[in-house]
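[1] Next come a sequence and a model predicted from it.
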Amino acid sequence: MKWTRLEVWDLFAGGGGFSTGAALAGCTVAYACDAWQEAVEIYRENHPGTRAECLELPARIPFPTDGRPFHVHGSPPCQRFTDMGRAHNTCTSVAKAGTLVEWFLETALTCGATSWSMEQVSKRDTIAIVERMRKRYPSRVAYATIDFYELGVPQRRKRLIAGSPELIGRLVRMCGMERRRSIRNSIPRPRGTMVRNNKGWTHQRLRHARKPGESKYVYSKVTDADCGLFPLTGPAPTVTTCGDVRWWWRTADGTPRMVHTHEHRSRSPERRVRRSERAVSLAKDAN
Ligand SMILES: C[S@@+](CC[C@H](N)C(=O)[O-])C[C@H]1O[C@@H](n2cnc3c(N)ncnc32)[C@H](O)[C@@H]1O
């Protein structure tokens, strides 16, 4: 039997972001799972042709056993490894998050998949887990920290991508200045020229001669002069959310619905442009 479209299995699938990319790339997403019922309902709306399960991992996944080629992808939760998440961490929560990453890597490498990939935040802890796995499976594990700005995403977004060496090699080779897209390129009719960062700093640099206990980066604080504004001719700073991370909500009749970015109260580039415009007009009024 000849398989024409690569089959993809998406674990920790959320509302289906990765699956959407896989489908756009010409793959068939056969299976997806997530522990969050609401996310799974949204996933089903986004990908009606995929078998989507609400499943708390680690668990047994019914991977194909008939020899057909398939790709397995996983985005285990990353909040526990992020600087924001660290504020709420306990030793147990970090260990649990690490266990899910280890479980996914072990599963991806032993489930019979012909290729695999994983997305994570690029932190010392996560790199250490992937490096341990690379030492165990040197010919089947590769990883790189990739800034998705170099792949055409109009924001700075660094992620640890691990996977089959040929895939990671290809991804790294695809990165380049010629792929970069600015905010201006992705918003056809912006109503301003700047976008505001939601953080209290504009730039970070590695700390030289770092002493024990000192942070890795030194941050330049937002000043009155720059107001934390970035020009639309460059990338947006990393888009983040605060508080509730769900980008889908229930409507009045109880139906779950993915909220489009422009409607969402998160710091999407569009929202930032609107906020910046307001800041500029307020400044004009004040003068
Ligand atoms: C980084 S998000 C996934 C993003 C998704 N891949 C996308 O492209 O939109 C991580 C997901 O893992 C799910 N999750 C967290 N713990 C889980 C567990 N123990 N079992 C299954 N899913 C879990 C969360 O509900 C969340 O949707």
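    It's in. If you're wondering where the values come from, they're calculated on a predicted model, not measured in any experiment.
[2] Would you verify that Glu150 is located in a helix?
    Yes - Glu150: assigned to a helix according to DSSP: H, G, I helix; E, B strand; the rest coil.
[3] does Tyr143 sit in a helix, a strand or a coil?
    Following three-state DSSP, the label given to Tyr143 is strand.
[4] Surely it touches Ile161?
    Yes - shown here, Tyr143 and Ile161 form a contact pair, counting by Cβ atoms under 8 Å, at 6.6 Å. C-beta here means a position set from N, CA and C on the backbone, and glycine is covered the same way.
[5] could you turn the strand or helix carrying Lys135 into CSV, dropping everything but the C-alphas?
    For Lys135, the element it lies in under DSSP states H and E is helix 124-136. The C-alpha trace of helix 124-136 is given here as CSV (Å, rounded to 0.1, in the frame of the first residue of the first chain):
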residue,chain,number,x,y,z
ARG,A,124,18.7,24.9,31.1
ASP,A,125,16.4,22.3,32.6
THR,A,126,14.7,21.4,29.3
ILE,A,127,17.9,21.3,27.3
ALA,A,128,19.4,19.0,30.0
ILE,A,129,16.5,16.6,29.5
VAL,A,130,16.8,16.5,25.7
GLU,A,131,20.6,16.2,25.9
ARG,A,132,20.3,13.2,28.2
MET,A,133,18.0,11.6,25.6
ARG,A,134,20.4,12.5,22.8
LYS,A,135,23.2,10.6,24.6
ARG,A,136,21.0,7.6,24.8
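[6] any idea of the angle the longest helix anywhere in the chain forms with helix 124-136?
    Of all the elements of type helix in the chain, the one with the most residues (DSSP state H) is helix 91-110. Calculated by axes from the mean of the first three to the mean of the last three Cα atoms, to 10 degrees, helix 91-110 forms an angle of 30 degrees with helix 124-136.
[7] Of all the residues in the stretch 101-250 of the chain, which one is nearest the ligand?
    Proximity of the stretch 101-250 of the chain to the ligand (Cβ to the nearest ligand atom) peaks at Glu119, 7.0 Å away.
[8] Now do the SS call for that residue.
    strand.
[9] Same question for Ile161.
    Following three-state DSSP, Ile161 is assigned to strand.
[10] so what's it up against?
    Contacts for Ile161 (Cβ atoms under 8 Å, 6 or more residues apart in numbering) come out as Ser117, Met118, Glu119, Tyr143, Ala144, Thr145, Ile146, Ile168, Leu171.
[11] just to revisit the earlier point, helices or strands up against the longest helix of the chain?
    With contacts taken as 3 or more Cβ pairs under 8 Å, 6 or more residues apart in numbering; DSSP states H and E, helix 91-110 sits against strand 70-74, strand 115-120, helix 124-136.
[12] For the longest one, what does the pLDDT average out to?
    Read it as helix 124-136. For helix 124-136, the mean pLDDT works out to 96.
[13] And the contacts of that helix?
    With contacts defined as Cβ under 8 Å, 6+ apart, helix 124-136 is touched by 78, 81, 94, 98, 101-102, 105-106, 109, 118, 120, 141-143, 145, 160, 162.
[14] just to revisit the earlier point, can you list the contacts of Ile161 in JSON lines and add pLDDT and neighbour count?
    Below are those laid out as JSON lines (pLDDT from 0 to 100; neighbours: other Cβ atoms under 10 Å):
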{"residue": "Ser117", "pLDDT": "98", "neighbour count": "22"}
{"residue": "Met118", "pLDDT": "98", "neighbour count": "25"}
{"residue": "Glu119", "pLDDT": "97", "neighbour count": "19"}
{"residue": "Tyr143", "pLDDT": "98", "neighbour count": "21"}
{"residue": "Ala144", "pLDDT": "98", "neighbour count": "15"}
{"residue": "Thr145", "pLDDT": "98", "neighbour count": "14"}
{"residue": "Ile146", "pLDDT": "97", "neighbour count": "20"}
{"residue": "Ile168", "pLDDT": "98", "neighbour count": "18"}
{"residue": "Leu171", "pLDDT": "97", "neighbour count": "17"}
